[in-house]
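Peer 1: Only the shape, not the letters, is given here:
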């Protein structure tokens, strides 16, 4: 098994060092974690890693064009050649970034490949990268990169190496967990009242959250960061906790007496509507015609199902 780590923000609270696999990382991950193989196809990023001495105990992979540029070539390798050809821009090696090359490199080392932090899309219109606003990276306010090249390139790797197992571990688990939680609670509400189910749920969830936090999270700064909280910070957290706890109980009551399919769509619709409204009012995001049409279609879908 081997783990390929992208730099999407979905992995920001995961301690990579606690995952017991050989690892391939991209670009600035070396600033925070050790990886066995580091892919840097950007010349500036590769120079930064070399200057930091990362290649003393690990291998750095870059484009063939860049190898002669660096004076220190210790453990400096070239990324693998593409095992297929194409006539589109996204099939040209020059248009392959560190992420797709890291996945391709993994096929040389294992038949079971786990992917983490390959978000591809941004949750908003801006840069989705853990290292945004740092050296050799885009600023946080820069418009997100179109992920179509990454999707095509990684998809071609999956198809070409169909004999290998690719596992997008954490996003898949999260999606399945969400479905399981909804259906599991619906089953329990048929036998017991909401208060009983959530009381036991709260106790067990607290135990499991603490376990996963200390096993896989980065806990070394919890105390020092908490001491920096302002009254405003405490107010935000208290408000968030109050909203979460009240909606959990209210949601349970509603789930107890309604169809799952309808509630799931309703919940998603409210989430989308609220997100667009908050983004428009407080973050100056543009409310385009496409967004308005999309919102209307979502509301129409809720009305039809109900």
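Peer 2: Looks like it arrived, so ask away. Here the structure is a predicted model, which is why all the values come from computation and not from measurement.
Peer 1: separation between residue 188 and residue 201?
Peer 2: In this view, residue 188 and residue 201 are 9 Å apart by CB to CB, to the nearest Å. C-betas here are computed from N, CA, C, even on glycine.
Peer 1: do residue 40 as well
Peer 2: For residue 40 relative to residue 201 (CB to CB), the value is 45 Å.
Peer 1: One more: residue 187?
Peer 2: Taken as CB to CB, the span from residue 187 to residue 201 is 13 Å.
Peer 1: Compare neighbour counts for those two and give me the winner.
Peer 2: The neighbour comparison of residue 187 against residue 201 (other CB atoms under 10 Å) goes to residue 201, with 17 against 10.
Peer 1: element containing that one?
Peer 2: Residue 201 is located in helix 194-216, with elements delineated by DSSP states H and E.
Peer 1: pLDDT averaged over the helix or strand just after that helix - what is it?
Peer 2: Downstream of helix 194-216, the first helix or strand assigned by DSSP H and E is helix 222-227. Averaging pLDDT along helix 222-227 gives 84.
Peer 1: Show me where this protein has its strands.
Peer 2: Shown for the chain, the strands assigned by DSSP state E span residues 2-5, 22-26, 37-39, 59-62, 76-78, 112-116, 165-168.
Peer 1: Redo the ones you listed as a markdown table? Include mean neighbour count and mean pLDDT.
Peer 2: A markdown table is the format used below for the strands of the chain (neighbours: other CB atoms under 10 Å; pLDDT from 0 to 100):
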| stretch | mean neighbour count | mean pLDDT |
| --- | --- | --- |
| strand 2-5 | 24 | 95 |
| strand 22-26 | 24 | 96 |
| strand 37-39 | 26 | 96 |
| strand 59-62 | 22 | 94 |
| strand 76-78 | 16 | 92 |
| strand 112-116 | 20 | 92 |
| strand 165-168 | 14 | 86 |
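Peer 1: Sketch out the low-pLDDT regions of the stretch 101-250 of the chain for me.
Peer 2: Scanning the stretch 101-250 of the chain for pLDDT under 70 picks out the ranges 169-180, 182, 216-218, 248-249.
Peer 1: Endpoint to endpoint, stretch 11-28 covers what distance?
Peer 2: Start-to-end span of stretch 11-28 (CA to CA, to the nearest Å) is 14 Å.
Peer 1: Buried ones in it, by neighbour count?
Peer 2: 11, 14, 15, 16, 21, 23, 24, 25, 26, 27, 28 (16 or more other CB atoms under 10 Å).
Peer 1: Same question for stretch 136-144.
Peer 2: Buried-residue list, stretch 136-144, by 16+ other CB under 10 Å: 137, 138, 144.
Peer 1: Any idea how far that stretch is from the middle of the chain?
Peer 2: From the chain centre to the centre of stretch 136-144 is a distance of 17 Å (CA atoms, centre = their mean, to the nearest Å).
Peer 1: just to revisit the earlier point, with distance to residue 95 added, can I get the strands of the chain in JSON lines?
Peer 2: As requested, the strands of the chain are exported to JSON lines (distance: least, CB to CB, whole Å):
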{"stretch": "strand 2-5", "distance to residue 95": "19"}
{"stretch": "strand 22-26", "distance to residue 95": "16"}
{"stretch": "strand 37-39", "distance to residue 95": "15"}
{"stretch": "strand 59-62", "distance to residue 95": "15"}
{"stretch": "strand 76-78", "distance to residue 95": "17"}
{"stretch": "strand 112-116", "distance to residue 95": "20"}
{"stretch": "strand 165-168", "distance to residue 95": "22"}
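Peer 1: mind listing what the residue lying closest to residue 74 once chain neighbours are set aside touches?
Peer 2: In space, residue 74 comes closest to residue 55 once its chain neighbours are excluded; the distance is 5.4 Å by CB to CB, 6 or more residues apart in numbering. Residue 55 sits next to 38, 49, 72, 74, 75, 76 when contact means CB atoms under 8 Å, 6 or more residues apart in numbering.
Peer 1: And residue 219, by the same measure?
Peer 2: Each residue near residue 219 by CB under 8 Å, 6+ apart is listed here: residue 213.
Peer 1: Now do it against residue 3, distance only.
Peer 2: From residue 219 to residue 3 the distance is 21 Å (CB to CB).
Peer 1: where do the helices sit along the stretch 201-306 of the chain?
Peer 2: Taking DSSP state H, counting those that start in this stretch as the test, the helices found in the stretch 201-306 of the chain are 222-227, 231-256, 260-282, 289-305.
Peer 1: Correction: the previous question concerned the stretch 51-200 of the chain.
Peer 2: 64-67, 98-106, 148-160, 169-189, 194-216.
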